[in-house]
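In: the following block contains a protein sequence and its predicted model.
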Amino acid sequence: MGEKSVVLSDCSNTSVEDANDYWKHGTVVLRQQLSYHFNFDHREKAVLEQFIDTGAAVLFGSRANSFLQAVIPLAFSFNCIKFPILAIAAASSSHLSALRETQKFRSLAKLVRRDAVLQETRILAMLLVVLMEILMGDGMDSATYLEEIQKAVSPVCSWLARQDTDLHQIMSDLFFYYQSLLGYNFGIRNCEIRPSSFRLTFGLDQGTLQTLSQIRTLQKLKKQTSLSSNEFSQFATLIETKIQSASSLDHLGTAIQCACYLQLYQLEPGMELSTGNCLNALLENIKAAQIPSECQLLFPLIIAGTAVTATEDQNYILDRLGVIHKSLKFPFISRYQDLLRLFWRSNESLGTIIKYQFPGLFIL
């Protein structure tokens, strides 16, 4: 009876929007509906309730409510939506059984992601699986999932163009945000990247990711082609101008800006002085940026870690990452710490270590 008590089944002809309209209420109502929903056992209800109360805000900030209203009602009805959300919620919990629960929900999420009959539900399920894998620090299959989504919506891409509901807006924003992440982290570009207002609260916005992608492209051009010093300088100047245009008055924004500069200067020969000054400014702003912006220091800390040599600075970076991990608890943060420890012992570049030792680890 529990399986038949859901509002919709995956075989229903009712559209996703119809299901969503039915549940367009506040989070209090979502929690009330969850309390007597037969498609969840006692532990699943507790995990999802925690996500509704606090987990979504930790991930999405001001967009948490729109995400909850658009997506959680579908989790009540579709297992392919339910399990990735439960995996994400369990991964941010501190109880002793969280790791076991996370792995169980994660396995189920990947197993049932193709079960939905409705195209929109199937696409949303894959988008949530990608988010789940990124937060686990093991998003090696993310590019494959996004290629599946691209094939599913081609050639019309109607759902990407539609932004008439919160659900379609979220799906479109997630897709193009992921494309920007893939471009920066792995140099992968599956399609035209459109503007996306989405970002994780502890991650970079799409504009910064695209600037970093350009730095990565410059690095590849320098390595793979006979790029003249004049051509390299022109390309680097354009990127530097773009970084300057995103200037910020607060310590967090300045730290992110310094981290971008540092990645650029590390590519240019004869820039040791600029690199050293940039690293000093980066560390100063990291140390000055305190809570509530603590969790947004992930990117500046990683980039600072690629340049520091003093043991004191290395320990400081690991300690700050440890504080963030205690707050967010997601597995990818502890993998950042392992990545830096290995980088400091190795002569390989950060990109090479990620490619062979931490495949699928996203720098957010």
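Out: Sure, I can see it. Numbers count the residues shown, from 1 in each chain.
In: contacts, neighbours, all on C-alpha from now
Out: Will do.
In: how about residue 324, what does it touch?
Out: Going by CA atoms under 8 Å, 6 or more residues apart in numbering, residue 324 touches 294, 295, 333.
In: looking at those residues, which are in helices?
Out: residue 333 (DSSP state H).
In: quick one: least confident of the contacts of residue 324?
Out: pLDDT across these is lowest for residue 294, at 75.
In: please give the element, helix or strand, for the closest residue to that residue other than its chain neighbours.
Out: Nearest residue to residue 294 in three dimensions, chain neighbours excluded: residue 324, at 6.8 Å (CA to CA, 6 or more residues apart in numbering). Per DSSP states H and E, residue 324 falls inside helix 311-328.
In: mind listing what's buried along that helix?
Out: 314, 317, 318, 320, 321, 322, 324, 325, 328 (16 or more other CA atoms under 10 Å).
In: buried ones among the contacts of residue 324?
Out: The neighbour count (16+ other CA under 10 Å) marks 294, 295, 333 as buried among the contacts of residue 324.
In: among those, which one sits closest to residue 86?
Out: residue 333 (19.1 Å; CA to CA).
In: enumerate every residue touching the closest one.
Out: 137, 321, 324, 325 are the contacts of residue 333 under CA under 8 Å, 6+ apart.
In: wait, isn't the last one in contact with residue 335?
Out: To tie it back to what came earlier, the one meant is residue 325. No - Residue 325 sits out of contact with residue 335 when judged by CA atoms under 8 Å, with a separation of 10.2 Å.
In: pull the number of nearby residues for residue 259.
Out: Residue 259 has 24 neighbours, counted by other CA atoms under 10 Å.
In: where do the helices sit along the stretch 251-364 of the chain?
Out: In the stretch 251-364 of the chain, the helices defined using DSSP state H, counting those that start in this stretch lie at 251-265, 272-288, 298-305, 311-328, 331-345, 350-357.
In: what does the stretch 1-150 of the chain give?
Out: Under DSSP H, counting those that start in this stretch, the stretch 1-150 of the chain gives helices at 16-22, 27-35, 42-50, 56-60, 64-77, 79-91, 98-112, 119-136, 142-153.
In: out of these, nearest to residue 221?
Out: helix 142-153 (22.5 Å).
In: what does that closest one contact?
Out: 119, 123, 126-127, 130, 133-134, 159, 175, 182, 188, 190, 360.
In: follow-up on the earlier one: pLDDT added to the buried residues of helix 311-328, as a markdown table?
Out: Output for those, formatted as a markdown table (pLDDT from 0 to 100):
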| residue | pLDDT |
| --- | --- |
| 314 | 95 |
| 317 | 95 |
| 318 | 95 |
| 320 | 93 |
| 321 | 94 |
| 322 | 93 |
| 324 | 92 |
| 325 | 91 |
| 328 | 89 |
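In: quick one, what contacts residue 184?
Out: Contacts of residue 184 by CA under 8 Å, 6+ apart are 209, 210, 212, 213, 214, 216.
In: out of those residues, who's nearest residue 280?
Out: residue 212 (20.3 Å).
In: and that closest one, what are its phi and psi?
Out: phi -70, psi -30 (degrees, to the nearest 10).
In: thank you kindly, that will do.
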